[in-house]
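In: The amino acid sequence is not available; the structure is as follows:
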């Protein structure tokens, strides 16, 4: 009787084992679509150190390595896999990156240091371990918080959904780690409105272009820039200009300073230098790291933006569009400058109507602007 029962049960047990193994194998195979990544979470293992949400050495928790598109195998009893879309930035819009891993920000900083080696933040190992810096032995490591560059229109990238949040207008990509962000989720979804600094339209490409009035007149515009990160302005300054006004000082200094001397350099040459924008040095504020590296300060900027489309980080820059200065035929424009070198009166003893200064100094310029269009910042 017992032998008969065992003979009946043994094949059944083997069938159950084979079916169970087949179910486990099937559940361990994941089909990752062409624009998806697989986020792997290890169920058991050593606890992650500190506040790091990602495992790099096989600890329990979210793993650093993503599953790329294809059929992938991960043993389901040890790992759980969730699928997430690649980050996609629509045409005419930008994506803002916020790192949830990395070094803490330095005291007073509002954004994280960036090096071109970080690329579009798709290589997590380089971001965390860092790259060689300018100083020997120093490493530039990624930092938590707002990243200085933005993802340009059309970007399609497999960015780690726990390491980074990417804010776009249609959606926020990634899994929020902080409790504060999770509380702001509506219906399980995080939108750009969760950040108070992000206003309507700030995730669109910034466009400086002529504007038509109700009367049909076309007004030329410039963009007045205010930066929200960087070192403080020197005492007494109300705006930042790369290099200050040392180039004006050098022109006035004569041959030793590369100029023609205070008497030799002409006012038109000084005006041309002052109105000559230095935006090319930092790609019109689009390369914010270079802007800071070259001495850019926080606050109002001397050089405005001209016509064009710009990928600007809304956490770091504000742009106000104002009319360009247009001097019509038969008119001149008298300039009173609130920025520049110290006031040095050039009016002479016989002039009784106040002080006049050479262009590049604070005060009323002795040389007016004649007929033309001038990209002058009216705030300075």
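Out: Everything's here; your move. Please read these numbers as outputs of a predicted model, since none were measured by experiment.

In: quick one: the nearest residue to residue 52 once chain neighbours are set aside from residue 80, how far?
Out: The shortest distance from residue 52 to any non-neighbouring residue, by Cβ to Cβ, 6 or more residues apart in numbering, is to residue 101 (6.5 Å). Heads up, the C-betas are built off the backbone N, CA and C, glycines and all. Counting by Cβ to Cβ, to the nearest Å, the gap from residue 101 to residue 80 is 20 Å.

In: neighbour count winner among the two?
Out: residue 101 (21 against 13; other Cβ atoms under 10 Å).

In: Check the secondary structure at that one for me.
Out: coil (DSSP: H, G, I helix; E, B strand; the rest coil).

In: OK, contacts around residue 244?
Out: residue 234 (Cβ atoms under 8 Å, 6 or more residues apart in numbering).

In: can you check residue 357 too?
Out: Residue 357 neighbours (Cβ under 8 Å, 6+ apart): 337, 343-346, 363-366.

In: Tell me the confidence at residue 2?
Out: Looking at residue 2, its pLDDT reads 64.

In: Check residue 236 too.
Out: pLDDT for residue 236: 86.

In: From residue 341, how far off is it?
Out: With Cβ to Cβ as the criterion, residue 236 and residue 341 are 12 Å apart.

In: rewinding a little: and the buried ones among the contacts of residue 357, selectable in ChimeraX?
Out: Buried subset of these, written as a ChimeraX selection, criterion 16 or more other Cβ atoms under 10 Å:
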select :337,363,364,365,366
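
In: Any chance of the contacts of residue 357 in CSV with secondary structure and pLDDT as columns?
Out: Output for the contacts of residue 357, formatted as CSV (DSSP: H, G, I helix; E, B strand; the rest coil; pLDDT from 0 to 100):
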residue, secondary structure, pLDDT
337, strand, 95
343, coil, 89
344, coil, 90
345, coil, 88
346, coil, 86
363, strand, 92
364, strand, 93
365, strand, 94
366, coil, 93
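
In: Tell me the one of the contacts of residue 357 nearest residue 85?
Out: Taking Cβ to Cβ as the measure, residue 85 lies nearest residue 337 of these, at 51.5 Å.

In: Could you measure from the closest one over to residue 235?
Out: Note on residue 337: its distance to residue 235, by Cβ to Cβ, is 18 Å.

In: Where does the prediction get shaky in the stretch 151-300 of the chain?
Out: Counting by pLDDT under 70, the stretch 151-300 of the chain contains low-confidence residues at 255-263.

In: follow-up on the earlier one: in TSV: the contacts of residue 357, plus distance to residue 330.
Out: Shown next, in TSV, are the contacts of residue 357 (distance: Cβ to Cβ, whole Å):
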residue	distance to residue 330
337	24
343	30
344	31
345	29
346	26
363	26
364	21
365	20
366	21
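
In: re the thing from before, right, and the residue nearest to residue 52 touches residue 129 too?
Out: No. Between residue 101 and residue 129 there is no contact under Cβ atoms under 8 Å: 11.5 Å.

In: which residues of this protein fall in helices?
Out: 2-27, 124-129, 179-183, 246-253, 261-264, 267-275, 288-293 (DSSP state H).

In: closest to residue 225 out of these?
Out: That would be, of the helices of the chain and by Cβ to Cβ, helix 288-293, which comes in at 10.0 Å.

In: Any buried residues in that closest one, and which?
Out: Residues of helix 288-293 classed as buried: 288-289, 291-292 (neighbour count, 16+ other Cβ under 10 Å).

In: Number of residues surrounding residue 78?
Out: By the measure other Cβ under 10 Å, the count of residues near residue 78 is 12.

In: now it: how far from residue 171?
Out: Distance, residue 78 to residue 171, using Cβ to Cβ: 31 Å.

In: Pull the contacting residues for the residue nearest to residue 52.
Out: Residue 101 touches 52-54, 124, 127-128, 142, 144, 162-163, counting by Cβ under 8 Å, 6+ apart.

In: quick one: which of those residues is nearest residue 107?
Out: residue 144 (13.7 Å).

In: OK, contacts around the closest one?
Out: Neighbours of residue 144 in contact, by Cβ under 8 Å, 6+ apart: 99-105, 112.

In: Look up how far residue 161 lies from residue 315.
Out: According to Cβ to Cβ, residue 315 and residue 161 sit 20 Å apart.

In: typo on my end, residue 253
Out: Taking Cβ to Cβ, one finds residue 253 at 56 Å from residue 161.

In: Have a look at those two and say which one is more surrounded.
Out: Taking other Cβ under 10 Å, residue 253 and residue 161 do not tie; residue 161 has more neighbours (23 against 16).

In: surely residue 83 meets residue 38?
Out: Yes. Applying Cβ under 8 Å, one finds residue 83 in contact with residue 38, separated by 5.8 Å.

In: sorry, back to before: look at residue 236 and residue 341 and report which has more neighbours.
Out: Using other Cβ under 10 Å, the more surrounded residue of residue 236 and residue 341 is residue 341, with 19 against 8.

In: For the more buried one, give me the pLDDT.
Out: Note for residue 341: predicted pLDDT of 93.

In: got the contact list for it?
Out: Taking Cβ under 8 Å, 6+ apart, one finds 245, 248-249, 360-362 in contact with residue 341.

In: Tell me which two in these are the farthest apart.
Out: 249 and 362 (13.3 Å).

In: The two: who's more crowded?
Out: The neighbour comparison of residue 249 against residue 362 (other Cβ under 10 Å) goes to residue 362, with 17 against 14.

In: Am I right that the more buried one is in contact with residue 339?
Out: Yes. Between residue 362 and residue 339 there is a contact at 6.7 Å, judged by Cβ under 8 Å.

In: how much space between the residue nearest to residue 52 and residue 144?
Out: Counting by Cβ to Cβ, the gap from residue 101 to residue 144 is 7 Å.

In: for residue 343, same thing?
Out: According to Cβ to Cβ, residue 343 and residue 144 sit 45 Å apart.

In: my guess is residue 118 contacts residue 142, does it?
Out: Yes. Between residue 118 and residue 142 there is a contact under Cβ under 8 Å: 6.3 Å.
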